[in-house]
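Visitor: Please work out how this folds:
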Amino acid sequence: MNRFDRLTAILIHLQSKKIVLAQEIADRFDVSLRTIYRDIRSLEQAGVPILGEKGLGYSIMEGYRIPPVMFTEEEVVACLMAEKLLEKHADLYNSEQFKAAMFKVKAVLRHAQKTVMENLQENIEVKDKVSEHNHLLNGILPQIIKAVGEKSLLTIQYATETGINEREIAPIGIYHEHGTWNAIAWCTKSKKYHPFRTERILTIRDTGKTSKQTHLSLQEYLAQRPVVNDGSFPVTISVNNFLARYLVEQKYNYGFLNETQDAETTTMHFQAPCIQAFSRWYITFADEASIISPASLKTLVKDRLKEMLAKVS
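Guide: The predicted structure is shown next:
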């Protein structure tokens with residue numbers, strides 16, 4: 001990226017947040033802090049009203065705006081792909097809001113970029129729409145997001161293995177993992193942070209109260225969340241490299257942790273939530289893999305294969 005493009009990008013970055021640290025900008029563009037300080041001075045000399053100083057962060061004076069900046073063709077394609085994904089895998093409310101935002105994006109595109117987007121519109125598709133039939137997600141996720149932004153207290157009815165109970169919670173964020181949305185929230189009764197799976201939230205109501213407590217950020221919670229002994233099993237398997245590439249999405253549904261690759265095989269490590277389910281999944285590609293541990297998984301797979309062989313003999 002040349003310096004002019006970087007200066008333009010820095011200006012857009014400064015307008016995107018209230019306070020931006022110089023280190024954040026340096027990390028984004030992979031340049032030194034000294035380079036960023038020099039770029040900030042250049043913007044100031046060009047008349048951009050930048051507030052702040054070294055070490056404290058920078059912001060742009062309230063009310064200052066620049067005309068819409070043109071998108072690159074690559075950015076246009078990225079926006080289109082995001083629209084396709086959100087249409088199928090977000091709740092209906094946020095999917096519709098993104099569509100509205102995309103109309104504004106399309107309004108400032110050059111004619112050639114609009115042509116590119118229109119040509120690609122019918123040639124990029126995401127299957128398996130989940131939002132329309134998931135009424136729990138559509139009704140609950142927008143309220144949780146709103147509560148995070150407003151620091152509101154919510155009352156929910158939550159289904160657990162032992163029954164349904166009512167909680168008063170202060171959501172601090174949401175995250176998507178293993179195909180489901182989770183809300184992280186402070187429970188006023190237990191005085192602890194808990195993850196709440198959205199599909200288990202049966203009802204949700206805004207209490208009209210605001211949480212006065214200072215909470216962890218979502219990133220802080222995820223970085224220090226405890227490893228719970230929930231009956232899961234550590235599993236290590238070895239998979240031929242040519243097959244491993246086809247397990248990219250599936251492996252996350254079975255507690256995937258990390259992997260290492262050599263010339264011929266990929267060693268994958270899991271914390272499997274259910275060893276029975278893992279054994280069934282493993283059998284689908286067992287001819288191109290081997291079990292390193294635990295021995296109990298080997299026994300389980302052998303027994304299951306014997307049962308299958310008996311049924312087809």
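
Visitor: Got phi/psi on Asn123?
Guide: When quoted as degrees, to the nearest 10, the phi and psi of Asn123 stand at phi -110, psi 10.

Visitor: pLDDT wise, what is Asn134 at?
Guide: Confidence at Asn134, expressed as pLDDT, is 54.

Visitor: which residues touch Met308?
Guide: Contacts for Met308 (CB atoms under 8 Å, 6 or more residues apart in numbering) come out as Ile283. Bear in mind the C-beta positions are built from the backbone N, C-alpha and C, glycine included.

Visitor: What strand or helix carries it?
Guide: helix 295-312 (DSSP states H and E).

Visitor: swap in Val126?
Guide: With DSSP H and E as the test, Val126 turns up in no helix or strand.

Visitor: list the contacts for it?
Guide: Lys84, Leu85, Glu87, Lys88, His89.

Visitor: For the second one, give me its contacts.
Guide: Same thing as Leu85. Counting by CB under 8 Å, 6+ apart, Leu85 has contacts Val126.

Visitor: List the buried residues for the secondary structure element (helix or strand) that Met117 belongs to?
Guide: Taking DSSP H and E as the criterion, Met117 maps to helix 111-121. By 16 or more other CB atoms under 10 Å, the buried positions in helix 111-121 come out as Gln113, Met117.

Visitor: Can you name the residues in contact with the helix or strand just after it?
Guide: Using DSSP H and E, the next helix or strand after helix 111-121 towards the C-terminus is helix 135-150. The contact list for helix 135-150 (CB under 8 Å, 6+ apart) reads 91-94, 130-131, 152-154, 170-174, 181, 183, 198-199, 201-202, 204, 206, 210.

Visitor: buried subset of these?
Guide: 91-93, 131, 152-154, 170-174, 181, 183, 198, 201, 204.

Visitor: Among these, which lie within helices?
Guide: Leu92, Tyr93 (DSSP state H).

Visitor: quick one, domains of the protein?
Guide: Each domain of the chain is listed here as a residue range: 3-60, 73-121, 135-224, 233-312, per automatic domain parsing.
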